[in-house]
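*Asks:* Structure of the sequence below:
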Amino acid sequence: MEPLKLTTEAAELVRLKPQTLRAMRSRGGGPRFVRLSANKCAYRVEDLREWVESRTRRTTCDPGPGAA
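*Replies:* Numbers count the residues shown, from 1 in each chain. Have a look, this model is predicted:
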């Protein structure tokens, strides 16, 4: 099993603020996460990579996959 990244570490990897990842967990739309306890979450590096890849666009007007 690959090591998990805590929210602060994951935020550094994807160049977001930790509070942005926390907000995304609440409202959805962010990377998949693992709930370790009632107040601690972590991220798999592969899930972070997949999430970043899913947000990759060719132009600013490219709506991305699934937006037909």
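
*Asks:* Tell me the pLDDT of the residue positioned nearest the centre of the chain.
*Replies:* For the chain, the residue sitting closest to the mean C-alpha position, by Cα atoms, centre = their mean, is P31 at 2.8 Å. Listed pLDDT for P31 reads 97.

*Asks:* mind checking the SS state of it?
*Replies:* coil (DSSP: H, G, I helix; E, B strand; the rest coil).

*Asks:* And it, its phi and psi?
*Replies:* phi -70, psi 160 (degrees, to the nearest 10).

*Asks:* Show the contacting residues for it.
*Replies:* 10, 14, 21, 24, 43, 47-48, 50-52 (Cβ atoms under 8 Å, 6 or more residues apart in numbering). No exception for glycine: its C-beta is placed from N, CA and C like everyone else's.

*Asks:* With pLDDT, neighbour count and distance to G64 added, can I get those residues in CSV?
*Replies:* What follows is those, written out as CSV (pLDDT from 0 to 100; neighbours: other Cβ atoms under 10 Å; distance: Cβ to Cβ, whole Å):
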residue, pLDDT, neighbour count, distance to G64
A10, 97, 24, 22
V14, 96, 17, 17
L21, 96, 20, 20
M24, 96, 15, 16
Y43, 98, 24, 21
D47, 96, 18, 18
L48, 97, 21, 18
E50, 94, 13, 14
W51, 94, 17, 12
V52, 94, 13, 13
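
*Asks:* Out of these, list just those in helices.
*Replies:* 10, 14, 21, 24, 47-48, 50-52 (DSSP state H).

*Asks:* Out of those, which comes closest to L36?
*Replies:* A10 (12.7 Å; Cβ to Cβ).

*Asks:* Surely R32 and W51 touch.
*Replies:* Yes. Between R32 and W51 there is a contact under Cβ atoms under 8 Å: 7.3 Å.

*Asks:* Can you tell me how far R32 is from R58?
*Replies:* 24 Å (Cβ to Cβ, to the nearest Å).
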